[in-house]
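Colleague: okay, sequence plus prediction incoming.
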Amino acid sequence: MTAATYQYVDLPDASVVTTRALLTARDNIADTVAARAMMCIHGGAGFGKTLAVNTCLRALEPGEDVRKITFRARPTARAVRYELFTALDLAGEPPRHPSEFDRLLKTALAERPRTFLVDEAQWLNGEAFEYFRYLWDEPSTQLAIIFVGGAGCHTVLRREPMLSSRVFIWQQFTRLTLDEVLEVIPLFHPVWADADPEDITFADSHAAHGNFRAWAQLTAHTRTALARTGRARVDQELLRWAFSRLA
């Protein structure tokens, strides 16, 4: 389903760290899969949603058949059908008629339990969400669905009472607090392992702001600065150079 690492940039020696949000997601996802239910994980860009979900779902493989679907534009129900056809590795050509297509998908989904990770779900509109509900509601399908997306995902889901009433668990990802930053960032990458906590606080307040994707960017630039200057440890002068590369 996923690669062994899920970092935003190619960052040698980076580790997946167990934030409170990731630990909560692990329990929530396990409970959702066990119940063959639907859940929604939502939050701002760069808060670690996709990384956490990929990590947690990968831990369930190979015992759980996990299929990932990602949308980059607002899909119609027809487009969702085709994405599911591809994700399920179904043989032959996709059916031309919707009713025939629906029967094929329902038959495939009834074969064994499956979990769909629907990433970038903020691109889904009511029609697309409703199609997932339609398949999930079919008594013969053994389906768990994890919707992961930005704030728009939560907003659209809440507007669809037929679907939102069926969502088993809602989880919102937020920025890391400063206490969490000081706890997990030294474990995230060796660059920060022996850094002064004041320098980590300085980096968070001026650049990363509790955003894990921003921390990955900053770490990559800081790693470059250390290599070019030959310095052994992070300091604020070096961090200011790294900040100059960020928007």
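Modeller: The structure has been received and is ready for your questions.
Colleague: please, where are all the helices along the chain?
Modeller: Counting by DSSP state H, the segments of the chain that form helices are 20-35, 49-60, 77-87, 98-109, 126-137, 151-159, 161-164, 178-188, 197-203, 212-229, 236-243.
Colleague: which one of these lies nearest to Arg67?
Modeller: helix 77-87 (4.4 Å; Cβ to Cβ). The way it works is simple: take the backbone N, C-alpha and C, and place the C-beta from them, glycine included.
Colleague: on that earlier part again, out of the helices of the chain, nearest to Gln171?
Modeller: Taking Cβ to Cβ, helix 20-35 is the member of the helices of the chain nearest to Gln171, at 5.4 Å.
Colleague: pull out the buried residues from that closest one.
Modeller: Under the neighbour-count criterion of 16 or more other Cβ atoms under 10 Å, helix 20-35 has 21-22, 24-26, 28-29, 32-33 buried.
Colleague: for stretch 194-211, same thing?
Modeller: Residues of stretch 194-211 classed as buried by neighbour count (16+ other Cβ under 10 Å): 195, 199-200, 202-204, 207-208, 210-211.
Colleague: dump the buried residues of helix 20-35 to TSV, plus pLDDT and distance to Leu163.
Modeller: Listed next are these as TSV, based on pLDDT from 0 to 100; distance: Cβ to Cβ, whole Å:
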residue	pLDDT	distance to Leu163
Ala21	95	24
Leu22	95	26
Thr24	97	22
Ala25	97	21
Arg26	96	24
Asn28	98	18
Ile29	97	19
Thr32	97	15
Val33	97	19
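Colleague: present the residues you listed as a markdown table; the columns should include distance to Thr177.
Modeller: Listed next are these as a markdown table, based on distance: Cβ to Cβ, whole Å:
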| residue | distance to Thr177 |
| --- | --- |
| Ala21 | 11 |
| Leu22 | 14 |
| Thr24 | 14 |
| Ala25 | 17 |
| Arg26 | 19 |
| Asn28 | 20 |
| Ile29 | 23 |
| Thr32 | 26 |
| Val33 | 29 |
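Colleague: any idea which of those residues is the one closest to Ala216?
Modeller: Leu22 (14.9 Å).
Colleague: number of residues surrounding the residue nearest to the closest one when sequence neighbours are not counted?
Modeller: Spatial nearest neighbour of Leu22, chain neighbours left out: Ala52 (4.3 Å); criterion: Cβ to Cβ, 6 or more residues apart in numbering. Other residues lying near Ala52 total 26 when counted by other Cβ atoms under 10 Å.
Colleague: so what's Ala52 up against?
Modeller: Shown in contact with Ala52 (Cβ atoms under 8 Å, 6 or more residues apart in numbering): 19, 21-22, 25-26, 41, 173.
Colleague: about what we covered before: just the closest of the buried residues of stretch 194-211 to Arg96, please.
Modeller: Ranked by distance to Arg96 (Cβ to Cβ), the buried residues of stretch 194-211 are led by Asn211 at 45.2 Å.
Colleague: which ones are touching the closest one?
Modeller: For Asn211, the contact set (Cβ under 8 Å, 6+ apart) comprises 44, 46-47, 175-176.
Colleague: from Thr224, how far off is Ala73?
Modeller: 34 Å (Cβ to Cβ, to the nearest Å).
Colleague: more crowded one of those two?
Modeller: Neighbours of Ala73 and Thr224, each counted by other Cβ under 10 Å, are more numerous for Thr224; the result is 13 against 7.
Colleague: and the pLDDT for that one?
Modeller: Thr224 is assigned 94 on the pLDDT scale.
Colleague: once you drop chain neighbours, what's closest to it?
Modeller: Ala242 (8.0 Å).
Colleague: run a quick neighbour tally on Leu143.
Modeller: Look at Leu143: counted by other Cβ under 10 Å, it has 19 neighbours.
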